[in-house]
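Participant: Sequence and predicted structure are below.
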Amino acid sequence: PSAGRAGAQPAPRGRRPRVRPAAIRLQKAMLATAVLVPALVFAAAGWWNRGEVLREGSDAVQRTATIMDEHTAKVLDTADLLLARVADRIAGLDDAQVATPATSAFLRAAIAPFEQFVSLWVSDANGRVLAGSQAWDPAVSLADRPFFQEQRERRAGGALVSAAFTGRATNLASFAISRRRIDAEEGFAGVIHVALSPDYFTRFFAEAAPPFRHAAGLFRADGSILARHPTAARPRDRLGPDSPLLLRMQRGEARGLIAETSTLDGRSRLYAFRKVGTWPVYVGFGADADALLDQWRSNLLAYGAVAAAAALTLLLVSVLALRRARAAQRQHRDQQ
């Protein structure tokens, strides 16, 4: 019955099907999608990778701070054992018996295996050097050294960590671990101290650091800077009063991770810090925020290349499809 329907005309033989405007609009939408979808995938991948790179950077910062902490603890503990060894060696001796070439020879031999130690000294109650691992001027006195004065005034035993100074006999940058000498009546009899090399810690921090821009330091709990890498052109001897790291140390926090702008060089860093054992000393390792994102920027170039290739491929396919649709539409109009 449908064959006899009034008005039905068979399509002319050889004429192409009509291409409707909706098909053209669909092809244009595909053209836009060819650019938009790769761009969205690129943005999502870049955002995700940024978070991953920052997490990996944070892990690297904290691992490095832990390595610095463990190594520094070993060095300071070794210094304390060395002082105890010297104390045992001179126990029961008066100043005249300590002030002999044999004692100085013992001190030289005691520190010879350790590159982290600069010198080793024994002084009397007035700060006069009795024995040392280095040659010294007999007129030199330690009485004005803050660590000597602190040991003289304190009543308890135990080791102290000094601020940084320049050695008078060695003329080298140093900081000291000291112990109080006591006489037979438990009174103050002088100081035993070993001078440590900040350069040793600087070299170790450089070797332990990951291969991106960073800053590493060894600090007393009061903010005094004992060693730092990289060294500044105009070095400071302590952290600024508004330093976030100093504020954390003053609160007695043993470890942490903070984002800060350094008061030493003005750089923004992700900073991990650790308290070194029971010592009133902290290590800190900070990575430049820009340095952590360098890998992310490199990854963006790779992601961008893939996204551009995908977009170009889809764009070419869509353009070809759109051209065919328009050509078919023009041919349909010409045949009408």
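Facilitator: Received, thanks.

Participant: What are the buried residues along stretch 198-217?
Facilitator: Residues of stretch 198-217 classed as buried: 198-202, 204-205, 208-210, 212-217 (neighbour count, 16 or more other Cβ atoms under 10 Å). In this view, the C-beta of every residue, glycine as well, is placed from N, C-alpha and C.

Participant: Out of those residues, list just those in strands.
Facilitator: Among the buried residues of stretch 198-217, DSSP state E puts 214, 215, 216, 217 in strands.

Participant: can you tell me how far the second one sits from residue 114?
Facilitator: Distance of residue 215 to residue 114, given as Cβ to Cβ, to the nearest Å: 26 Å.

Participant: all helices of the stretch 151-300 of the chain, in order?
Facilitator: Assigned by DSSP state H, counting those that start in this stretch, the helices in the stretch 151-300 of the chain fall at 198-208, 244-250, 289-335.

Participant: what's next to the shortest one, contact-wise?
Facilitator: Meaning helix 244-250. 219, 221, 223, 239-240, 256, 258, 260, 271, 273, 275, 282, 284 (Cβ atoms under 8 Å, 6 or more residues apart in numbering).

Participant: which one in those residues is the model shakiest on?
Facilitator: Comparing pLDDT over the contacts of helix 244-250, residue 260 scores lowest. The value there is 72.

Participant: Return the distance of that residue relative to residue 215.
Facilitator: 11 Å.

Participant: and if you look at residue 221?
Facilitator: From residue 221 to residue 215 the distance is 19 Å (Cβ to Cβ).

Participant: which ones are touching residue 217?
Facilitator: Residue 217 touches 205, 225, 226, 227, 228, 229, 283, 284, counting by Cβ under 8 Å, 6+ apart.

Participant: Make sure the third one is actually in contact with residue 279.
Facilitator: No. Taking contacts as Cβ atoms under 8 Å, residue 226 lies outside contact range of residue 279: 11.0 Å.

Participant: Looking at these two, which is more packed in?
Facilitator: Using other Cβ atoms under 10 Å as the criterion, residue 226 and residue 279 rank with residue 226 on top: 23 against 19.

Participant: And the more buried one, what's its pLDDT?
Facilitator: Per-residue confidence for residue 226 comes out at a pLDDT of 96.

Participant: who's in contact with it?
Facilitator: 161, 163, 164, 175, 198, 201, 217, 218, 219, 220, 281.

Participant: ok, it to residue 162 distance?
Facilitator: For residue 226, the distance to residue 162 - Cβ to Cβ - is 9 Å.

Participant: what does residue 182 give?
Facilitator: Noted for residue 182: a distance of 20 Å to residue 162, by Cβ to Cβ.

Participant: returning to what we had before: which residues are in contact with both of residue 226 and residue 279?
Facilitator: Shared contacts of residue 226 and residue 279, defined by Cβ under 8 Å, 6+ apart, are found at residue 161.

Participant: what's the closest residue to residue 221 other than its chain neighbours sitting at in phi/psi?
Facilitator: Distance criterion Cβ to Cβ, 6 or more residues apart in numbering; nearest residue to residue 221, sequence neighbours excluded, is residue 280 at 4.3 Å. Main-chain dihedrals, residue 280, degrees, to the nearest 10: phi -80, psi 50.
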